[in-house]
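*Asks:* kindly return the folded structure for what I paste below:
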Amino acid sequence: MKILIVGSGGREHALCWAISGSPLANELYCAPGNAGIAEVAKLVDIKAEDVDGLVGFAQENDIDFVVVGPEQPLVLGLVDKLDAVGIPSFGPNAAAARLEGSKAFSKDLMKKYAIPTARYERFTDPEAAKAYLSGEEMPIVIKADGLAAGKGVIIAENFDQADATIDDMLSGNAFGEAGAEIVIEEFMHGVEASFFVLCDGDNILPLASAQDHKRVGDGDKGPNTGGMGAYSPALVLTAALEQEVIETIAKPTIAAMQAEGCPYKGVLYIGLMLVEEEGVTKPKVVEYNCRFGDPECQ
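*Replies:* Below you'll find the model as predicted:
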């Protein structure tokens with residue numbers, strides 16, 4: 001097979017390295033790739049967001065299979081356009097990628113199908129958002145609705161910080177269009193972990209758990225950021241808790257997407273908070289990602 005990997009980070013390097021070891025991979029390309037990836041795949045000078053350019057390359061070079069690494073091309077509909085020209089790919093189409101591309105969509109889905117998550121409300125008006133805050137406890141979580149490269153979540157420690165965050169996001173200063181709508185949700189006290197499953201639209205295949213290092217400073221201080229390191233499996237996610245995640249979150253999510261008319265295919269990253277409620281640990285969804293995490297994939 002001739003296989004094209006889309007992306008340029010450590011996640012894509014890990015995917016290229018693993019796929020290059022397959023007896024099915026005769027020729028391996030990566031667009032745009034990086035210097036390390038060049039050791040295991042041929043680099044293609046097309047940006048991951050250039051959906052039409054990628055589809056054109058795949059057609060011209062008789063690519064048999066495309067593996068999409070980052071979220072942006074998924075949200076932009078790369079899988080849809082590959083489907084339209086008959087090229088198989090790994091990853092959700094644009095409708096299914098809304099699980100990551102829109103926090104509002106994913107929270108509404110969880111609410112509708114009783115998938116455990118934090119209590120929340122959605123806002124486009126700053127004054128309405130601030131009025132809602134007055135009845136809430138601090139700290140509180142404020143999320144940009146759209147994609148913000150893993151940095152669109154602010155944990156506000158007090159009302160002044162929350163007010164400033166609301167103004168910053170809804171004005172478009174912080175995240176542009178991604179912050180045109182925000183989600184405000186209760187702060188969940190607990191331990192974070194991730195769980196990964198492969199999906200074909202109907203079924204799931206559980207992969208593994210992981211924990212990554214979220215806060216930028218020592219002692220878990222400072223803002224959340226991505227890509228700082230991870231380990232797997234996450235020991236806090238016991239076999240019993242993994243089974244609970246599969247039965248109460250993973251399977252219901254795939255069934256919900258099927259019911260909404262947008263079956264989910266690819267890898268589903270479930271960001272979890274393990275919350276203590278009356279002496280019992282309960283897994284709840286923090287967020288979904290529609291691709292492998294980076295650094296967890298590595």
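*Asks:* show me what the helix or strand of the chain with the lowest mean pLDDT is packed against.
*Replies:* Using mean pLDDT, DSSP states H and E, strand 221-224 stands out as the lowest-scoring helix or strand of the chain, at a mean of 74. Packing partners of strand 221-224 (3 or more Cβ pairs under 8 Å, 6 or more residues apart in numbering; DSSP states H and E): strand 153-156, strand 215-217. In this view, the C-beta of every residue, glycine as well, is placed from N, C-alpha and C.
*Asks:* buried residues of it, list them for me.
*Replies:* In terms of neighbour count (16 or more other Cβ atoms under 10 Å), strand 221-224 has no buried residues at all.
*Asks:* and stretch 26-36, by the same measure?
*Replies:* 28, 29, 30, 31, 32, 33.
*Asks:* average pLDDT for it?
*Replies:* For stretch 26-36, mean pLDDT rounds to 97.
*Asks:* and that stretch, how far out from the chain's middle?
*Replies:* Its chain's average C-alpha position is 23 Å from that of stretch 26-36, according to Cα atoms, centre = their mean, to the nearest Å.
*Asks:* now do the end-to-end distance for it.
*Replies:* Between the opening and closing residues of stretch 26-36 there is a gap of 19 Å (Cα to Cα, to the nearest Å).
*Asks:* and the contacts of it?
*Replies:* Stretch 26-36 is contacted from outside by 1-9, 12-13, 16, 19-20, 37, 40-48, 54, 57, 61, 63, using Cβ atoms under 8 Å, 6 or more residues apart in numbering.
*Asks:* show me where the stretch 151-298 of the chain has its strands.
*Replies:* 153-156, 182-186, 191-200, 204-212, 215-217, 221-224, 230-231, 265-277, 280-289 (DSSP state E, counting those that start in this stretch).
*Asks:* so for residue 239, which of those sits nearest?
*Replies:* strand 204-212 (10.3 Å; Cβ to Cβ).
*Asks:* now that closest one - C-alpha only, PDB.
*Replies:* Taking C-alpha atoms only, strand 204-212 is exported to PDB below (Å, rounded to 0.1, in the frame of the first residue of the first chain):
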ATOM      1  CA  ILE A 204     -15.300   0.300  19.700                       C
ATOM      2  CA  LEU A 205     -12.000  -1.300  20.300                       C
ATOM      3  CA  PRO A 206     -10.400  -0.100  23.600                       C
ATOM      4  CA  LEU A 207      -6.700   0.800  23.300                       C
ATOM      5  CA  ALA A 208      -5.100   2.200  26.400                       C
ATOM      6  CA  SER A 209      -5.200   4.800  29.100                       C
ATOM      7  CA  ALA A 210      -2.700   7.700  29.700                       C
ATOM      8  CA  GLN A 211      -2.000  10.700  31.800                       C
ATOM      9  CA  ASP A 212      -0.300  13.800  30.500                       C
END
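*Asks:* what is it packed up against?
*Replies:* Going by 3+ Cβ pairs under 8 Å, 6+ apart, strand 204-212 lies up against strand 191-200, strand 230-231.
*Asks:* list the strands paired with it, with their directions.
*Replies:* strand 191-200 (antiparallel), strand 230-231 (antiparallel) (DSSP bridges).
*Asks:* and the ones you listed as JSON lines, adding mean neighbour count and distance to residue 168?
*Replies:* Listed next are these as JSON lines, based on neighbours: other Cβ atoms under 10 Å; distance: least, Cβ to Cβ, whole Å:
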{"stretch": "strand 191-200", "mean neighbour count": "19", "distance to residue 168": "24"}
{"stretch": "strand 230-231", "mean neighbour count": "15", "distance to residue 168": "29"}
